Structures are given as structure tokens and as C-alpha cells.
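*Asks:* Structure, please.
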Amino acid sequence: MRERRTKKVIFVEKDSSYRMLLQKILKSLNCNVVGEASGGQDAIDYCERKKPDIVLLNIRIPLKHGLDVLKLLKKFNPCVVVIMITTVTEEETIKRCIAASSEPESTRGNQASQRVW
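*Replies:* Model (predicted):
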């Protein structure tokens with residue numbers, strides 16, 4: 001029987017009360033929270049060091065827009081699962097996030113990808 005590895009998770013949220021809530025939820029789900037960030041550059045730095053499997057990412061964060069962070073994360077690791085957290089309702093922004101989270105043609109089929117919206 002194959003043992004399931006606990007997924008490493010990083011979350012990026014500017015609001016400290018939401019970060020505390022996310023921390024509690026993820027811990028209750030037995031997620032291995034390896035980092036949390038309040039801004040874009042911190043998120044990139046954590047992801048480079050910790051190599052998470054999953055990133056929960058707010059679109060509106062300080063220092064670097066969430067969409068820019070998403071693009072960089074997918075460039076570094078096309079297989080990372082990025083779940084966007086947002087109250088943004090502009091359809092164009094949502095479409096750009098979906099497009100940025102798609103794997104390049106060369107990596108499709110190598111490993112299952114997942115997007116949650």
C-alpha cells in the first residue's frame with residue numbers, strides 16, 4: 001500500500017486575521033504549513049526555499065501583484081498547485097489568472113495538474 005505524503009503548503013494573505021484563520025483551517029486538515037507571507041516578494045522567497053506543493057495566494061497583496069507572483073511561481077515550478085484567494089470580480093483579471101496557472105504544452109501529460117476556482 002502506498003503511503004500518502006503530507007502536502008507542503010504556503011499561504012499568502014495581507015490581512016493578519018485571515019492569515020490566522022487560514023493557519024487554523026490548514027492545521028485542522030493536517031496540512032504541513034511550511035510558510036506564510038503577507039506580500040509578494042516574501043511569497044516568492046518562501047516558495048524558492050520551501051518548495052511547496054500547494055500555494056494559497058491572494059491576488060491583492062503588497063509589493064507584487066498576486067498575478068505576477070503566480071506567473072513566477074509557475075515558471076519556477078510548473079507543477080505547483082496555486083489556489084487563488086480573492087474578492088476580485090473583474091472577469092479580465094480572473095481570465096488572466098486562469099491563463100497564468102495553465103501548464104505549458106511541454107509539461108502536460110507528465111503529471112496531473114489541478115486548478116481550483
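
*Asks:* Just the element for residue 72, please.
*Replies:* Using DSSP states H and E, residue 72 maps to helix 66-76.

*Asks:* got a list of what the residue positioned nearest the centre of the chain touches?
*Replies:* Centroid check for the chain by CA atoms, centre = their mean gives residue 55 as the closest residue, at 2.4 Å. Applying CB atoms under 8 Å, 6 or more residues apart in numbering to residue 55 gives the contacts 9-12, 43, 47, 73, 80-83. (Each C-beta comes from the backbone N, C-alpha and C, glycine too.)

*Asks:* Assign it to helix, strand or coil.
*Replies:* strand (DSSP: H, G, I helix; E, B strand; the rest coil).

*Asks:* quick one, helices of the chain?
*Replies:* Ranges of helices in the chain, per DSSP state H, are 16-28, 40-50, 66-76, 91-101.

*Asks:* okay, the angle between the helix holding residue 72 and helix 91-101?
*Replies:* 10 degrees (axes from the mean of the first three to the mean of the last three CA atoms, to 10 degrees).

*Asks:* Can you give the contact residues for helix 66-76?
*Replies:* 12, 40, 43-44, 47-48, 55, 57-61, 80, 82, 84, 86, 93, 96-97, 100-101, 103.

*Asks:* Pull out the buried positions in it.
*Replies:* 66-67, 69-74 (16 or more other CB atoms under 10 Å).

*Asks:* can I assume residue 37 is in contact with residue 10?
*Replies:* Yes. Here residue 37 reaches residue 10: they are 6.9 Å apart, a contact under CB atoms under 8 Å.

*Asks:* Now a ChimeraX select for only the buried ones of the contacts of helix 66-76.
*Replies:* Applying 16+ other CB under 10 Å to the contacts of helix 66-76, the buried members can be selected in ChimeraX as follows:
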select :12,40,43,44,47,55,57,58,59,61,80,82,84,93,97,100,101
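
*Asks:* related to what we said a few turns ago, shared neighbours of residue 37 and residue 10, anything?
*Replies:* Contact criterion CB under 8 Å, 6+ apart; residues shared by residue 37 and residue 10: 43, 46.

*Asks:* worst-scoring helix or strand of this structure, pLDDT-wise?
*Replies:* helix 91-101 (a mean of 80; mean pLDDT, DSSP states H and E).
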